[in-house]
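# sharing a sequence plus its predicted fold:
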Amino acid sequence: TPIPELGVETPQPEELRVELNPISGERPLTAITYRIFQERDLIRTFSIEPHKLLSYLFALEDSYQQVPYHNKLHRADVCQSMHVLLNSSGIKDVFNEFEILAAIFAAVVHDVHHPGLTNPFLIKTKSDLAILYNNESVLENHHIAVAFKLLQADERNIFSNLSAEQMETLRRRVVDMVLATDMAKHKTLLADFQNLLEAKKMSGNDYLTLESYDDRILVLKNMIHCADLSNMTKPLDTYSKWIDRLMVEFWKQGDAERDLGLDISPMCVRSPTTKDKHQIGFINSFVHPLWETWGSLVYPDANTILETLAQNREWHEASLAALTSSTTD
Ligand SMILES: COc1ccc(-c2ccn(C[C@@H](O)CN3CCOCC3)n2)cc1OC1CCCC1
């Protein structure tokens, strides 16, 4: 039976549509994720009970701390970006529905209940989370634990119709992908990705064939990492809104560091040039190398993304030049 467009059968679709509209405004994560699950037919394929999916997504939306950037909007953004990346040319037929379920789920839970603080801050302040996770991928471990804890309630267990073995593999994939969003893993993750693509190029196949679990999850790890670092590849007006949110979050951490008599993290210093300088540095060090590698995998699908990334970097360089010239006048 086809899944009704609004998720549930109703004799008054118009009234329900009116009801649901404000939800998509207040509940962007639920609206986007539910739609993606529907479009990818995941609800039917895995016999997910719609009311359980809504309960779980509502719980995810409500399980967050009031932080300006790492909140449900960012999660919705990463989920939507993941949805698009999964359709990239050259890989759209590579992954099966189990991997797609795991990838969308990982994106939607990847930073649930984020405190708006960085791993280094949590570690140097000897926070409960750092003690609990022994300084190792502290936030990422927390997000995974919260995501699976929420699943334990029967009315939220969207995977109740998966076999034990299917659930075990899904959990493994989700843990692997969310842990891969830890920036501390970036260099290794990208190097492994580049080695894989080099090896595939040597094999001469003009399309990607991925046999082992390790190769397949390596591409998915880089995909969620790309989705997580996709703000800089978006049109400038969207990108600059993300920057403003993130800077408020980082400046608040900087204030906490000062109040605690700790060194203020470089990115958390309130100064007009901080924004541009660090964006340029972050794009050069992390974002461009990653997206350039992704672009070689899905060539030519990411060309527009790479052009937008270059334009955004130039915008920062121009505003930095304007700022520094005005201050030196
Ligand atoms: C719009 O600008 C940015 C947008 C995003 C990021 C950024 C940094 C790390 N990440 C990824 C983590 O948040 C991964 N999280 C951790 C917690 O666990 C889950 C996964 N994202 C950095 C950005 O700018 C830089 C920082 C200040 C200036 C340059």
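That came through fine. Residues are numbered from 1 along each chain as shown.

# who touches the host helix or strand of Glu140?
Element membership for Glu140 (DSSP states H and E) is helix 138-151. In this structure, residues lying in contact with helix 138-151 by C-beta atoms under 8 Å, 6 or more residues apart in numbering are 56, 59-60, 63, 105, 109-115, 118-119, 122-123, 127, 129-130, 132-133, 156-159, 171, 174-175, 178-179, 181-182. No exception for glycine: its C-beta is placed from N, CA and C like everyone else's.

# repeat for stretch 302-320
Under the contact criterion C-beta under 8 Å, 6+ apart, stretch 302-320 has outside partners 88, 232-236, 239, 273, 275-277, 279-280, 283-284, 287-288, 291-292, 294-295.

# one more pass at 6 Å, please.
Outside stretch 302-320, the residues that touch it by C-beta atoms under 6 Å, 6 or more residues apart in numbering are Met232, Thr233, Leu236, Tyr239, Asp276, Gln279, Ile280, Ile283, Trp291, Trp294, Gly295.

# any idea how far the longest helix along the chain is from the middle of the chain?
For the chain, the helix with the greatest residue count under DSSP state H is helix 303-328. Taking C-alpha atoms, centre = their mean, to the nearest Å, the mean C-alpha location of helix 303-328 is offset from the chain mean by 25 Å.

# do stretch 253-271 as well
On C-alpha atoms, centre = their mean, the centre of stretch 253-271 falls 25 Å from that of its chain.

# ends of it, what's the gap?
Stretch 253-271 stretches 14 Å from its first residue to its last (C-alpha to C-alpha, to the nearest Å).

# close to the ligand, is that stretch?
Yes - residues of stretch 253-271 contacting the ligand under C-beta under 6 Å from any ligand atom: Met267.

# list the buried residues in that stretch.
Gln253, Gly254, Ala256, Glu257, Ile264, Met267, Cys268 (16 or more other C-beta atoms under 10 Å).

# tell me the mean pLDDT over that stretch?
Stretch 253-271 comes out with an average pLDDT of 94.

# what's near enough to touch the closest residue to Phe250 other than its chain neighbours?
Nearest-residue entry for Phe250: Cys268, 4.5 Å, with adjacent residues in sequence omitted and distances by C-beta to C-beta, 6 or more residues apart in numbering. Residues counted as contacts of Cys268 (C-beta under 6 Å, 6+ apart) are Phe250, Gln253, Gly254.

# okay, those in CSV with distance to Phe98 and secondary structure next?
Below are those laid out as CSV (distance: C-beta to C-beta, whole Å; DSSP: H, G, I helix; E, B strand; the rest coil):
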residue, distance to Phe98, secondary structure
Phe250, 37, helix
Gln253, 38, helix
Gly254, 42, helix
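
# and which of these is nearest the ligand?
Phe250 (6.1 Å; C-beta to the nearest ligand atom).

# count the residues that sit near the closest one.
25 (other C-beta atoms under 10 Å).

# looking at it, it is touching Met267, isn't it?
Yes - if you go by C-beta atoms under 6 Å, Phe250 and Met267 touch, sitting 5.2 Å apart.
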